[in-house]
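J.: I would like the atomic coordinates for the input below:
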Amino acid sequence: MPPVADAETEARRHAYQQRMAGAGRPSGSTEPQVTVGRTSLPASGPVPRPAGAARDLKSLRMAGLWLAILAVMAVVAFAGIKAMQWHDTRAAEAAARTAAANKVAAILDESIVGRQNLLTAIGLIRKCKIGDATRRGIQNAAKNRQTLLAKVTVLDTSPLPEGAEIKSGLQAALARSLEADEAYLKWYDAAKGHCPKQSGRLFAAIDKANERSQDAKAAFLAVWNPVAREYELPERDKSSI
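T.: Numbers count the residues shown, from 1 in each chain. As a prediction, this is how the structure comes out:
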């Protein structure tokens, strides 16, 4: 059996260790234990985070970052689409304005033919060349105005900034010109195959009709010519329409 001295020494050492272990907490206290897996831990101490939790948190942060990036990209894409739509709308509006201006210019070009017919007929009358060609010239001038009036009635000038004024002004100019053509025709027919007199009531009616026609043309051109300049179209004067 072991020596007694060694047994006593071992007993004293064991007692000392127990006293030292109990010195850090109140006498008789027992700290509860929590089992995590196969490891027992004090319940009051921090619970270690599992190794996978850190990876999950990092994944969540990365997912949030990507969502934010995607949201920004969506906003930028939406703004780009809106900008393209705005540009397309502006381009379509500009094309519509140009088309409307060109249609007005085309009608004015056609009106030159009617005016020329009338001027040719007046030239023949002044030379006292009375015949079917002379009367036909006045009639053709009147038909030209009537045809153009019908075209202007259905013409859409709304794309132009002054579209309504341009349309109404052109209608008035053509209508007054038609009245002048009709006055010439009455004056010519009243002569009954002779050289018409450049005096009297019917001749005075021509002067009044021409004056109204010139005024209507001037009012129209005051609105139209600035538009013609903007769209690089020919400007007109009262003698050219």
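J.: Pull out the buried residues from stretch 216-234.
T.: Neighbour counts over stretch 216-234 (16 or more other CB atoms under 10 Å) mark 216-217, 219-221, 223-224, 227-228, 233 as buried. No exception for glycine: its C-beta is placed from N, CA and C like everyone else's.
J.: Show me the residues you listed that map onto helices.
T.: 216-217, 219-221, 223-224, 227-228 (DSSP state H).
J.: can you map out the helices along the protein?
T.: With helices called from DSSP H, the chain shows them at 4-22, 51-126, 132-153, 163-190, 201-230.
J.: Of all those, which one is nearest Lys238?
T.: Across the helices of the chain, Lys238 has its closest neighbour in helix 201-230 (4.5 Å, CB to CB).
J.: Surely Thr134 and Trp187 touch.
T.: No: assessed by CB atoms under 8 Å, Thr134 is found out of contact with Trp187, at 11.9 Å.
J.: quick one: contacts for Ala191?
T.: Ala191 makes contact with 130, 197, according to CB atoms under 8 Å, 6 or more residues apart in numbering.
J.: With Leu124 as the reference, measure out to it.
T.: 13 Å (CB to CB, to the nearest Å).
J.: joint contacts of these two?
T.: Here Ala191 and Leu124 share the contacting residues Ile130, scored by CB under 8 Å, 6+ apart.
J.: Can you tell me the centre-most residue of the protein?
T.: Thr89 (3.0 Å; CA atoms, centre = their mean).
J.: Show me the shaky parts of the protein.
T.: By pLDDT under 70, the low-scoring segments of the chain are 1-53, 76, 79-87.
J.: Please repeat the previous calculation with a cut-off of 90.
T.: Residue ranges of the chain with pLDDT under 90: 1-91, 240-241.
J.: Dump the ones in helices among the buried residues of stretch 216-234 into JSON lines; add distance to Ala141 as well.
T.: JSON lines is the format used below for those (distance: CB to CB, whole Å):
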{"residue": "Ala216", "distance to Ala141": "16"}
{"residue": "Lys217", "distance to Ala141": "15"}
{"residue": "Ala219", "distance to Ala141": "21"}
{"residue": "Phe220", "distance to Ala141": "18"}
{"residue": "Leu221", "distance to Ala141": "20"}
{"residue": "Val223", "distance to Ala141": "24"}
{"residue": "Trp224", "distance to Ala141": "21"}
{"residue": "Val227", "distance to Ala141": "26"}
{"residue": "Ala228", "distance to Ala141": "24"}
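J.: closest to Asp156 among the residues you listed?
T.: Distances from Asp156 to these, taken as CB to CB, are shortest for Val227 (14.8 Å).
J.: Can you name the residues that contact the closest one?
T.: 101, 104, 160-162, 166, 233.
J.: likewise Thr153?
T.: Gln171.
J.: how far away is it from Ala228?
T.: 21 Å.
J.: What count of nearby residues applies to Gln171?
T.: Residues near Gln171, counting by other CB atoms under 10 Å, number 17.
J.: ok, and the closest non-adjacent residue to it?
T.: Val152 (5.2 Å; CB to CB, 6 or more residues apart in numbering).
J.: hang on, the earlier thing: now compare the buried residues of stretch 216-234 and name the two farthest from each other.
T.: Ala216 and Leu233 (20.2 Å).
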